[in-house]
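Participant: Generate coordinates for the sequence data below:
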Amino acid sequence: MSINRRKIAIIVAGGSGVRMGSSIPKQFLPLAGKPVLAHTIQAFANAYEDMEIILVLPLAHFDYARDILEGFNKPPRVQVIAGGDTRFHSVKNGLDQVKGDAVIFVHDGVRPLVTAALIHRCYEAALQYGSAIPVVPMKDSIRVVHENGNAAADRDRYKIVQTPQTFSASILIPAFEQPYDPLFTDEASVVETAGHAIHLVTGDPENIKITQPQDLVIAAALLGGH
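Facilitator: So this is what the prediction gives:
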C-alpha cells in the first residue's frame with residue numbers, strides 16, 4: 001500500500017494563440033464542448049480526491065480562468081496565481097505557494113488528455129525515487145546535425161519528454177532556488193542541474209500537447225474514442 005502524501009498539481013498555462021492562428025490563447029480554445037484547460041484541470045481533480053491545484057497563467061488571462069472554474073458543477077480546489085517571464089519563473093511562482101511536504105506535479109495546461117493512470121504512475125514513482133518524468137519512445141528516424149554535416153543517430157537512446165513532471169517537494173523547491181539558466185527547458189533539467197538523478201516512467205502516446213490547429217483535431221478524435 002502506498003504512502004498517502006499531500007498532492008499538488010502546478011498547471012502552467014502561459015501560452016498564446018500565435019501558432020494556432022487564433023486571437024484566443026490555445027489553452028482556452030474549445031475541445032469537445034469545453035476549453036482545453038478545463039479538461040486538464042478536471043483530469044487532475046479526478047485523479048485524486050485530495051489533489052490541490054495551483055493554476056499559473058498571465059494576469060491578462062485571469063478572466064478566462066474564472067469563467068472556466070465557474071463552469072464546473074463541483075469546483076475543484078484551485079488557486080490561481082500570476083506567471084513569470086519564462087516557464088522557470090512561472091513554476092517558481094507556483095512553488096512559492098507550497099508549504100511543507102508534498103508530491104508536486106508540474107503539468108502543461110495544454111496537455112488535456114493526461115490520464116489518471118499516468119498521474120498515479122508518476123505519483124508512485126516520485127514517492128519511491130523522488131522524481132518521475134514520463135517519456136515515450138521516438139518513432140521517427142533522427143539525425144544529428146553538426147558543423148560539417150549530419151549523421152544518423154540511434155533513436156532508441158532518445159526519449160520524448162512529457163508532463164506531469166513529478167517530484168518530491170524536498171527536491172523540487174530547493175532546485176528552483178538556483179539562478180535562472182536559459183538551458184532550463186523543463187523541471188527535470190532544473191532538478192538535474194541541482195545534482196539529482198532523474199527517474200523516467202512510461203508516458204502515454206495520447207498525452208499530446210496542443211500547439212497547432214491539427215492537434216485539436218487529433219485530441220477531439222482521441223476523446224471521442226474513449
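Participant: now the spatially most central residue of the chain: how far from residue 41?
Facilitator: For the chain, the residue lying nearest the average C-alpha position, counting by C-alpha atoms, centre = their mean, turns out to be residue 107 (1.7 Å). For residue 107, the distance to residue 41 (C-beta to C-beta, to the nearest Å) stands at 10 Å. Every C-beta, even on glycine, is put in place using the N, C-alpha and C of the backbone.
Participant: where do the contact lists of those two overlap?
Facilitator: By C-beta atoms under 8 Å, 6 or more residues apart in numbering, residue 107 and residue 41 have these common neighbours: residue 11.
Participant: Let me see the ranges of the strands in the chain.
Facilitator: When secondary structure is read from DSSP state E, the chain shows strands at 7-12, 30-31, 34-35, 51-57, 78-82, 103-108, 131-137, 142-146, 149-153, 159-161, 165-168, 200-202.
Participant: Could you give the average pLDDT over the third one?
Facilitator: Read that as strand 34-35. Per-residue pLDDT values across strand 34-35 average out to 95.
Participant: got it, and the first one?
Facilitator: Summarised as a single mean, pLDDT over strand 7-12 is 98.
Participant: returning to what we had before: confidence score at the nearest residue in space to the residue nearest to the centre of the chain that is not next to it in sequence?
Facilitator: Excluding the flanking residues, the one nearest residue 107 by C-beta to C-beta, 6 or more residues apart in numbering is residue 164, at 4.0 Å. pLDDT recorded at residue 164 is 98.
Participant: got it, and the one 4 residues further on?
Facilitator: pLDDT for residue 168: 98.
Participant: Could you pull up the contacting residues of the closest residue to it other than its chain neighbours?
Facilitator: Residue nearest to residue 168 in three dimensions, not counting chain neighbours: residue 130, with 4.8 Å by C-beta to C-beta, 6+ apart. Counting by C-beta under 8 Å, 6+ apart, residue 130 touches 167-168, 170-171, 196, 199.
Participant: Determine the set of other helices and strands touching the biggest helix by length in the chain.
Facilitator: Counting by DSSP state H, the longest helix found in the chain is helix 116-129. Judged by 3 or more C-beta pairs under 8 Å, 6 or more residues apart in numbering; DSSP states H and E, helix 116-129 is in contact with helix 36-47, strand 103-108, strand 131-137, strand 165-168, strand 200-202.
Participant: from the chain's centre, how far out does the second one sit?
Facilitator: Relative to the centre of its chain, strand 103-108 is centred 6 Å away, using C-alpha atoms, centre = their mean, to the nearest Å.
Participant: That strand: which residues count as buried?
Facilitator: With burial defined by 16 or more other C-beta atoms under 10 Å, the residues of strand 103-108 counted as buried are 103-108.
Participant: Adding pLDDT, write those out as a markdown table.
Facilitator: Listed next are the buried residues of strand 103-108 as a markdown table, based on pLDDT from 0 to 100:
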| residue | pLDDT |
| --- | --- |
| 103 | 98 |
| 104 | 98 |
| 105 | 98 |
| 106 | 98 |
| 107 | 98 |
| 108 | 98 |
